[in-house]
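Trainee: Could you look at this predicted model? Sequence included:
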Amino acid sequence: MMSQTNRININHLFSFFEFVFLRQDAYEVYPKSLFDLALTMESPPSSLESSTQYSDSSFISSQTIRIFKIIVIGEKNVGKTCLTFRFCGGSFPERTEATIGVDFRERSVEIEGERIKLQLWDTAGQERFRRSMIPHYYRNVHAVVFVYDVTRRDSFLGLPLWLEECQHHIATQDIPRILVGNKCDLQDNIKVTTQEAQQFADTHGMPLFETSAKALMNSGDHIEAIFLTLAHKLYSHRSMTVPTLSHQQAHTTIFVKDESLSNEGNCYC
Ligand SMILES: Nc1nc2c(ncn2[C@@H]2O[C@H](COP(=O)(O)OP(=O)(O)OP(=O)(O)O)[C@@H](O)[C@H]2O)c(=O)[nH]1
């Protein structure tokens, strides 16, 4: 009988093939170790034993760091790929293709002196490219970014369905969620007002960010600020919700070793 681990690995391979062969543009921002990410993709984070297992693996050494899985969802063409690429790769991609399944991007940031990794799952907006992946998107997720296109009302009016899907697949609603209205650089074509977007965000208890993956907003890097705000939310959210070992085991943080850090200590707090 095929074990659960084996089944998961097959899915990992599937995703890698998609990623490496179908989305060459994202390759340059892929984390240094594909295998490292494969282990974390759907590892059972509620199990501390599993974390220890990874820690004992010989191919990864040094200190554990926390990885937060963030899924970016929304209608096709709203700019999910561009937003994640901009944050992880530092620029607006010259060309993009429809995401098939999922693309992964990752970036380390330092919050209050601790280095953490944000693992962004750039999900497919097209139903046919995402249907079979939906359970994978939501498994062990730490935060959700809902994206709509300010120049397309349909992408905004469709948000309740994305929220519903999210509610259906995530057991706890107590995870950070943010709403991002993208393509604000197309000023002459805006179809969703800030007021109605803000009302929607308030109704659903989410902060709203209007931005552009293409342009520099407010003379600073707005995308950077959005994801860093989320990182802070995740950091403090977790600190508040993981006071004991048993809580910790129930929480969805994934631990892996990072060989670029020199400190030998393992920290599960
Ligand atoms: N003007 C403008 N165009 C953008 C912006 N963000 C993305 N685009 C364009 O919108 C199109 C779709 O962008 P993607 O990032 O591929 O959209 P997506 O949501 O990942 O699409 P799927 O993978 O199909 O779900 C591309 O042509 C981008 O160049 C933006 O902020 N401003």
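Mentor: Here it is on my side, so go on. Residues are numbered from 1 along each chain as shown.
Trainee: looking at this, residue 179 is in a helix?
Mentor: No. Looking at residue 179 with DSSP: H, G, I helix; E, B strand; the rest coil, it is strand, so not inside a helix.
Trainee: in the sheet, who's paired with it?
Mentor: Here residue 179 sits in beta bridges with residue 146, residue 208, as judged by DSSP bridges.
Trainee: Just want to check the distance between it and the ligand.
Mentor: Distance, residue 179 to the ligand, by Cβ to the nearest ligand atom, to the nearest Å: 15 Å. For the C-beta atoms, the positions are set from N, CA and C on the backbone; glycine is no exception.
Trainee: Does that residue touch residue 150 like I think?
Mentor: No. Using Cβ atoms under 8 Å as the test, residue 179 is too far from residue 150 to be in contact (11.4 Å).
Trainee: residues shared between the contacts of the two?
Mentor: Counting by Cβ atoms under 8 Å, 6 or more residues apart in numbering, the residues touching both residue 179 and residue 150 are residue 197.
Trainee: So which of the two has more stuff around it?
Mentor: For residue 179 versus residue 150, neighbours defined as other Cβ atoms under 10 Å are more numerous around residue 150 (27 against 24).
Trainee: pretty sure the more buried one is in contact with residue 185, am I right?
Mentor: No. In this structure, residue 150 is not within contact of residue 185 by Cβ under 8 Å, at 9.6 Å.
Trainee: Show me what from the chain comes close to the ligand.
Mentor: Applying Cβ under 6 Å from any ligand atom, we find that the chain lies next to the ligand at 76-82, 96, 98-99, 124-126, 182-183, 185-186, 212-214.
Trainee: 8 Å instead, please
Mentor: 74-83, 85, 92-93, 95-99, 122-126, 129, 147, 149, 182-186, 211-215 (Cβ under 8 Å from any ligand atom).
Trainee: Excluding sequence neighbours, find me the nearest residue to the residue of the chain found nearest the ligand.
Mentor: Nearest to the ligand, among the residues of the chain, is residue 125, at 2.6 Å (Cβ to the nearest ligand atom). What sits nearest to residue 125 in space, not counting adjacent residues and going by Cβ to Cβ, 6 or more residues apart in numbering, is residue 76, at 3.2 Å.
Trainee: That neighbour: neighbouring residues, count only.
Mentor: 15.
Trainee: Now for it: which residues touch it?
Mentor: Going by Cβ under 8 Å, 6+ apart, residue 76 touches 98, 124-126.
Trainee: what sits up against the host helix or strand of residue 200?
Mentor: Mapping residue 200 onto the secondary structure by DSSP states H and E places it in helix 194-203. Applying Cβ under 8 Å, 6+ apart, the external contacts of helix 194-203 come out as 148, 150, 156, 159, 179, 181, 207-208, 210.
Trainee: if you set the cut-off to 10 Å instead, what comes out?
Mentor: With Cβ atoms under 10 Å, 6 or more residues apart in numbering as the contact definition, helix 194-203 has outside contacts at 146, 148, 150, 153, 156-157, 159-160, 163, 177-181, 184, 192-193, 206-210.
Trainee: again with stretch 150-157
Mentor: The contact list for stretch 150-157, computed with Cβ under 10 Å, 6+ apart, reads 74-79, 125, 147-149, 158, 162, 179-194, 196-197, 200, 210-212.
Trainee: Any of these buried? List them.
Mentor: Among those, those scoring as buried are 74-75, 77-79, 125, 147-149, 158, 162, 179-184, 192, 197, 200, 210-212 (criterion: 16 or more other Cβ atoms under 10 Å).
Trainee: Just the ones of those in strands?
Mentor: 147-149, 179-182, 210 (DSSP state E).
Trainee: Any stretches of the stretch 51-200 of the chain with poor pLDDT?
Mentor: Low-confidence segments of the stretch 51-200 of the chain, defined by pLDDT under 70: 51-63.
Trainee: now the strands for it?
Mentor: With DSSP state E, counting those that start in this stretch as the criterion, the stretch 51-200 of the chain has strands at 63-73, 102-111, 114-123, 143-149, 177-182.
Trainee: Dump the ones you listed into CSV; add distance to residue 134 as well.
Mentor: Compiled in CSV, the strands of the stretch 51-200 of the chain are given as follows (distance: least, Cβ to Cβ, whole Å):
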stretch, distance to residue 134
strand 63-73, 10
strand 102-111, 10
strand 114-123, 9
strand 143-149, 13
strand 177-182, 17
